[in-house]
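1. Please work out how this folds:
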Amino acid sequence: MTIRFVTEHPETRRKVNEFVEEWNSPSQEICVHTSGSTGKPKEIRIQKEHMIASALATGKFLGLSAGDTALLCLSMDTIGGRMMIVRSIVLDLELIVSDVSSTPLQSVNQPIDFAAMVPMQVQKSLEETPAAMQKINKLIIGGGPVSESLLDQLQSIPTKAYHTFGMTETISHIAMRSLNHPLQEEFHCLPGIKIEEHQGSLVINAPTIGVDSLETNDAIEMVSETSFRWLGRTDFVINSGGVKLHPEQIESQLSKLLPLPFFVYGEVDDTFGERLILAVESAKPLNLTKASFEAVLSKYSIPKEIRYIKEFSYTSSGKINRLKSKIRPHVAHEIL
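-> The predicted model follows:
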């Protein structure tokens with residue numbers, strides 16, 4: 001593997017170099033943190049041999065060859081960013097490290113054989129650096145849902161794009177869905193990975209990466225033991241611009257601000273993948289301002305829109321029925 005930096009950010013350089021040193025150390029494990037999709041983020045240790053197996057499976061699935069160029073524009077704090085380095089080492093790729101930003105191709109002036117991005121990066125790159133985007137041969141998109149608008153745009157570019165499915169516990173993706181040339185509805189597992197369905201949820205069996213009967217909180221329709229259709233999450237975690245937002249934590253902070261019943265949820269968004277919506281049980285607006293939210297929330301946790309609903313739907317135990325309430329007509333709304 002060779003590395004070429006086209007980023008001016010010293011923090012990115014430092015983290016890349018530190019991970020390479022960690023990889024070359026005698027330890028057979030790498031410490032990573034889960035994204036928090038199924039609860040609070042936690043520290044786990046992954047065997048290097050399993051990361052190697054994952055990299056080889058990706059290389060085989062995509063047909064990558066030694067000497068191909070790979071673009072790293074994901075955060076090194078994520079398993080996705082770290083695995084781009086591992087793939088480059090294992091498959092002997094030329095790694096190009098660019099800015100971790102919404103427009104990572106601005107500093108890239110050469111064709112790229114293989115790149116990984118989150119949906120927001122793809123959307124912004126298509127808008128602001130379309131010529132550079134079309135120089136990517138194979139692109140994997142992960143970390144959030146792909147909107148219908150983005151899907152439509154991908155049909156008109158030569159880049160072969162895939163939507164990935166996976167998590168930290170599975171050492172990034174275990175399956176991919178073709179998004180264009182041709183467009184497919186189902187995800188197909190990487191070599192050596194098989195799936196099951198248990199009470200509607202996905203169960204992953206992947207001995208080569210150290211995964212045995214891992215039951216996820218993803219609802220699926222099983223097509224075969226190596227393919228499935230993803231129906232949605234079984235929890236309420238919101239993924240906005242690659243940032244995982246936990247409704248319970250946000251609502252806890254908002255309780256300091258709002259005297260009325262409320263809840264937050266995610267809605268598909270062309271730019272962020274999902275955007276955060278605040279639903280308030282009220283017949284009229286409360287005239288809340290962005291400054292009001294900045295006093296109690298981090299910038300990523302501030303809702304993009306407030307919707308006022310006259311009456312929520314409640315369960316028999318008195319809890320808000322989120323699914324039924326959010327589809328009720330809103331009497332007013334405010335954009336933040």
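2. Show me how this protein divides into domains.
-> Per automatic domain parsing, the structural domains of the chain span 2-233, 238-335.
3. JSON lines for the ones you listed, including mean pLDDT and mean neighbour count?
-> All C-beta atoms are positioned from the backbone trio N, CA, C, and that covers glycine. Below are these laid out as JSON lines (pLDDT from 0 to 100; neighbours: other C-beta atoms under 10 Å):
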{"stretch": "domain 2-233", "mean pLDDT": "93", "mean neighbour count": "18"}
{"stretch": "domain 238-335", "mean pLDDT": "89", "mean neighbour count": "16"}
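4. just the CA coordinates of stretch 68-77, formatted as CSV?
-> Output in CSV follows, covering the C-alpha atoms of stretch 68-77 (Å, rounded to 0.1, in the frame of the first residue of the first chain):
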residue,chain,number,x,y,z
ASP,A,68,-6.1,0.3,-7.9
THR,A,69,-6.6,3.7,-6.4
ALA,A,70,-8.9,4.0,-3.3
LEU,A,71,-10.2,7.2,-1.7
LEU,A,72,-10.5,7.7,2.0
CYS,A,73,-12.8,10.6,2.9
LEU,A,74,-14.6,9.0,5.9
SER,A,75,-13.8,9.8,9.5
MET,A,76,-11.1,7.7,11.1
ASP,A,77,-13.3,7.5,14.2
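5. Which residues does it contact?
-> Outside stretch 68-77, the residues within contact range by C-beta atoms under 8 Å, 6 or more residues apart in numbering are 12, 15-16, 19, 33, 80-82, 84-85, 87-88, 91, 93-101, 104-105, 108, 110-118, 121, 136, 143, 242.
6. which non-adjacent residue is nearest L297?
-> Q253 (5.5 Å; C-beta to C-beta, 6 or more residues apart in numbering).
7. That neighbour is in contact with F293, isn't it?
-> No. Taking contacts as C-beta atoms under 8 Å, Q253 lies outside contact range of F293: 9.1 Å.
8. quick one on the thing from earlier: now name the helix or strand holding the residue nearest to L297.
-> Assigned by DSSP states H and E, Q253 belongs to helix 247-254.
9. need the contact list for the spatially most central residue of the chain.
-> Geometric centre of the chain, nearest residue: G143, 0.9 Å, by C-alpha atoms, centre = their mean. Residues in contact with G143, defined by C-beta under 8 Å, 6+ apart, are L74, T78, G80, V118, P119, N239, G242, G273.
10. try I335
-> With C-beta under 8 Å, 6+ apart, I335 has these contacts: K304, E305.
11. where's the residue nearest to L297 relative to S178, distance?
-> 40 Å (C-beta to C-beta, to the nearest Å).
12. just P130 next, same as before
-> Taken as C-beta to C-beta, the span from P130 to S178 is 21 Å.
13. tell me which residues form a beta bridge with the nearest residue to H330 once chain neighbours are set aside?
-> Spatial nearest neighbour of H330, excluding adjacent residues (C-beta to C-beta, 6+ apart): R307 at 4.0 Å. Beta-bridge partners for R307, by DSSP bridges, are A279, H333.
14. pretty sure R307 is touching L336, no?
-> No. Using C-beta under 8 Å, R307 is not in contact with L336; the gap is 11.6 Å.
15. Contacts made by the helix or strand containing I46 with the rest, please.
-> Using DSSP H and E, I46 maps to strand 43-47. With C-beta under 8 Å, 6+ apart as the test, strand 43-47 has contacts from Q28, E29, I30, C31, V32, H33, T34, T168, E169, I171, G210.
16. Please identify which pair of the residues you listed lies farthest apart.
-> Across those, no pair lies farther apart than Q28 and T34, at 20.1 Å, counting by C-beta to C-beta.
17. Cool, thanks, talk later.
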